[in-house]
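Asks: dropping the sequence and predicted coords here.
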Amino acid sequence: MKTQKFGNAKYVGDPINAVKIFNEKEVDELTLLDIDATASGRGPDLALLKDIAAESRMPLCYGGGVQDAEMAARIIALGYEKVSVSHAALERPALVREMADRIGRQSVVVTIDVKKEGLLSGKHKVYSRNAKQAHKVDPIDFAMKCTELGAGEIVLNSIDRDGMMQGYGLDLAHKLRGSITTPMTVVGGAGSIDDLRALTNELGPVGAGAGSLFVFKGKYRAVLISYARP
C-alpha cells in the first residue's frame, strides 16, 4: 500500500511480486514498513518477512511493531540488514541502546515522522501511530539523543509531504544534517529524479528515500513499479 499523509492508502500489489520486480530493477535498498502494526498493537508478521527475505536480492530494512531488542534480532536473523523503530523509541529511548548492543549500531534505524505546526511556522512536531499521536519532543533533539544511544541511521519523514510528490522538505532536513554525523535518509515528497538531485545537492551524501515515485505513473497515479538512477 502507498499512502498520502498516512491516509488515502492505495493498493500497489502483492509484496512478494513487488520485491521480484524491484530485484529486476536492481534497487539499492528496500524498506518495508508495516504502518498499522504499532497502531493495532501487534508485532511483525515474521512468516511474511521470511518469505520476502528469501526472495529479495537487495538489502532490506523493516519497521513496524518492533518493541524489544530480541524481536529486532529475530528479524535480522531472517536476512534483514536493518530494523527501524519509531513509536517504541519515542516511548522508551533506551530501546535504541538495547538494539545497538544486540544487533549492532549499523543495523539500528530510528524513523522520525514530523509535521509542521502551522503554515507559517518553521517548527515541526514529532508524531507516531500513523500521525495520530503527537509527542512533546523536538525532532532535532530527539535525533541527536538517538544517535548518542546507538542509532546507526536516522530517517526523517515529512508527513505533510508523504505521497504528495511535490519535493522534499529541505529546511528541517538541512538542520538535521548539520546536527548529526550519523548517516541519514530523507523521505516524503519525491516526485521526480530532480527532487532526488535537489536533496543531495543541498545536503551532500544522504539517503534519498522514495515511494510514490517508484510505484505510480502519471497524474492519475496508475500503478507501475519502476526505478531510475539519478
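Replies: Right, received. Where do you want to start? Numbers count the residues shown, from 1 in each chain.
Asks: what segments of the protein are helices?
Replies: With DSSP state H applied, the chain shows helices at 15-25, 37-40, 46-55, 69-77, 87-91, 94-103, 139-149, 170-177, 193-203, 212-215, listed in chain order.
Asks: burial of residue 22, as a residue count?
Replies: The local packing of residue 22 (other CB atoms under 10 Å) involves 22 other residues. Every residue, glycine included, has its C-beta placed from N, CA and C.
Asks: could you do residue 148 as well?
Replies: By other CB under 10 Å, the residues close to residue 148 number 13.
Asks: where among the helices of the chain is average confidence lowest?
Replies: Set side by side, those differ in mean pLDDT, and helix 37-40 is lowest with a mean of 89.
Asks: buried residues in that one, which are they?
Replies: 37-39 (16 or more other CB atoms under 10 Å).
Asks: name the single longest strand found in this structure.
Replies: Identified as the longest strand of the chain according to DSSP state E is strand 108-116.
Asks: who touches it?
Replies: For strand 108-116, the surrounding residues in contact (CB atoms under 8 Å, 6 or more residues apart in numbering) are 6, 33, 61, 63, 72, 82-86, 89, 96, 99-100, 122-128, 131, 139, 142-143, 146, 150-160, 172.
Asks: check stretch 179-198 too.
Replies: 140, 143-144, 147, 151-162, 164-170, 173, 176-177, 199, 203, 206-213, 228, 230.
Asks: span of stretch 211-226 from start to end?
Replies: Chord length of stretch 211-226, first to last residue, is 10 Å (CA to CA, to the nearest Å).
Asks: next up, the contacts around residue 157.
Replies: Contacts for residue 157 were tallied using CB under 8 Å, 6+ apart; they are 111-114, 187-188, 209.
Asks: need these in a markdown table (columns: distance to residue 48, neighbour count and pLDDT).
Replies: Compiled in a markdown table, these are given as follows (distance: CB to CB, whole Å; neighbours: other CB atoms under 10 Å; pLDDT from 0 to 100):
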| residue | distance to residue 48 | neighbour count | pLDDT |
| --- | --- | --- | --- |
| 111 | 20 | 24 | 98 |
| 112 | 26 | 26 | 98 |
| 113 | 23 | 27 | 98 |
| 114 | 29 | 25 | 98 |
| 187 | 22 | 24 | 98 |
| 188 | 25 | 26 | 97 |
| 209 | 21 | 22 | 97 |
